Structures are given as structure tokens and as C-alpha cells.
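Asker: Here is a sequence together with a model predicted from it:
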Amino acid sequence: MDFDLESLVNVEQTFYEDGFKDGYEHGSIHGSIEGRALGREKGFEMWEELGFYEGFTMMWQAIHTKEGGTEDRVAHHMRHLLELIAQFPRVNPSASEPSELDIPRLFRQIRSRYKALCASLGVRSTLRAGGTSDARGDGDPIDNAENPRVEGSRRSVWPLQSAATSGEQLSF
């Protein structure tokens, strides 16, 4: 009887290699699926923010021209912001030829120009994507109107209710 002693010595390595190969194939399939889902989510957030900036700028541009706005700083910021938004790719640049476009850099420029426009207009800028709170942590302005904050106090995450209000009596 022919018995291969070498296969018994390397049995753990053989199982490891088979498991690694199976796990790698399985992981590449699921990684691709999860990557697409994450890409869709982040892409939606980026376009939501970009659409907000474009709509904001177009609205203020209409107001500015109706009031007889001349070639001033506000008009320059609006024009430049709309030009930057127009540079943002409308199709996936990685699917076509490789490009030298730096999307995060362009997005930073758009945000900076938006902040400059808001400062020129005297409007408070809100940098929100997907319903998250803005950069200063003020949160939703509607929520702040209902629960005004006292200067220096912290906003409660969960509303605290007395036992009489909640209808629960706890005993330990």
C-alpha cells in the first residue's frame, strides 16, 4: 500500500490554503456588492449636497439680479461657485479614460466658495449632508426652535421625563 506521509505532515497547511482560497473568492463577491452599495450611498450624499449648493446659488442669483445687483463680490462668488459645480463630473470618470480630476479637492473648493458666498450675503452657512448636523454642531434649526439652548449648556440626547409624566414607577 502506497501511503504519502508528506500529505499528513502538511494537512494543516492544506486546509488553511483551501479555506483561504474559498474565503478570498467569497469575500471578493461580497466586497464588490458592499462596495457598490456604499458607493451609491456616498454618491447620493455628495450629489444631495452639490444640488443644495447649486439651488442655493441659483436662488440668490435670481434675487440679486432682480434687485439690480451689479458686478460686485457677491455676483463674483455666485458665478465662480456655479462654474465649480459645472466642473463636477456627471458620469463616473473611472469608467472612461483616466482623468486628472481630483474630486475631493474640487468638493473642498466648492464648499469654500459656498462659505465665501454665505459670508458675502450675510447668511449662516449650513454644511449638512444626508440630514447630519452642520459643522458647528448646531443641529437642525427646527429642533433648536422647539428646544432653545442656554449658552454653555449641553443638549440632552434623550429627553428626561419625571415618573409622573412617563407613567412608570421603578423600584429596585
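Answerer: Received the coordinates, thanks. Numbering: from 1, shown residues only.

Asker: quick one: low-confidence ranges for the chain?
Answerer: For the chain, applying pLDDT under 70 flags the ranges 1-3, 70-71, 93-99, 127-172.

Asker: Show me the longest helix that occurs in it.
Answerer: helix 11-66 (DSSP state H).

Asker: Buried ones in the next helix or strand after it, by neighbour count?
Answerer: Downstream of helix 11-66, the next assigned helix or strand under DSSP states H and E is helix 73-87. Going by neighbour count (16 or more other C-beta atoms under 10 Å), the buried part of helix 73-87 is 74, 75, 77, 78, 80, 81, 82, 84, 85. For every residue, glycine as well, the C-beta is placed using N, CA and C.

Asker: quick one: the residue nearest to the last one when sequence neighbours are not counted from residue 91, how far?
Answerer: Residue nearest to residue 85 in three dimensions, not counting chain neighbours: residue 54, with 5.1 Å by C-beta to C-beta, 6 or more residues apart in numbering. Between residue 54 and residue 91 the distance, using C-beta to C-beta, to the nearest Å, works out to 17 Å.

Asker: How about residue 12?
Answerer: 50 Å.

Asker: what does residue 51 give?
Answerer: From residue 51 to residue 91 the distance is 17 Å (C-beta to C-beta).

Asker: Also residue 80?
Answerer: Residue 80 is 23 Å from residue 91, by C-beta to C-beta.

Asker: likewise residue 23?
Answerer: Taken as C-beta to C-beta, the span from residue 23 to residue 91 is 35 Å.

Asker: More neighbours: these two, which one.
Answerer: Using other C-beta atoms under 10 Å as the criterion, residue 23 and residue 91 rank with residue 23 on top: 10 against 7.

Asker: who are the neighbours in contact with that one?
Answerer: With C-beta atoms under 8 Å, 6 or more residues apart in numbering as the criterion, no residue contacts residue 23.

Asker: State the distance from residue 90 to residue 29.
Answerer: 30 Å.
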